[in-house]
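# Attaching a predicted model along with its sequence, questions to come.
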Amino acid sequence: MSLLTQRRLASKILKVGTNKIWFDPEATEDIEAAVTRDDVRGLISDGDVSVKPVVGTSRGRARKIALQKAKGRRRGQGSRKGAKGARFPRKKRWMVTIRAVRKELTSLRESGEIESSTYRRLYLLAKGGTFKSRAHLRHYIKEHDFIKG
């Protein structure tokens, strides 16, 4: 009761490997009787012989992790690879800070809260890295009484 010939014929017809062929266990006698390619084609059209479904890797776990990462989870010390400067480069951090400080200085000058000479002095201080944030800049201005009026 070997069905190797039928399996081989079916795999050639369906253009898949022999291990991907599925035989209906209830139609074993009909399959055994099939000798020619036409007989096997008939069995395929009846549904007694078919191709096993493709087994893939489930993306369910990956989706769950991606959802958690979107919420900001899984980013602790143990998950990090690379130095602090590699994850958020020093240059990029500087650019973010200096742009914010310069924007604040410009708005203060345009609103008339500080004079142009003060603006220039503070601008150069900012360029030198004196202020680490806009809040620090405002604190410095208040501390040194640079605000007009």
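Yes, it's here. Numbering: from 1, shown residues only.

# Show me which positions of the host helix or strand of Asp30 end up buried.
Here Asp30 sits within helix 28-33, counting by DSSP states H and E. By neighbour count on 16 or more other C-beta atoms under 10 Å, the buried set for helix 28-33 is 30-31. C-beta here means a position set from N, CA and C on the backbone, and glycine is covered the same way.

# From the centroid of this protein, which residue is nearest?
Nearest residue to the geometric centre of the chain (C-alpha atoms, centre = their mean): Ala66, 7.0 Å.

# Would you mind listing the residues in contact with the residue located most distally from the centre of the chain?
Going by C-alpha atoms, centre = their mean, the residue of the chain most distant from its centre is Ala33, 53.5 Å out. Ala33 is in contact with Asp39, counting by C-beta atoms under 8 Å, 6 or more residues apart in numbering.

# Residue ranges of each domain in the protein, please.
Here the domain parsing of the chain from automatic domain parsing is 4-51, 86-143.
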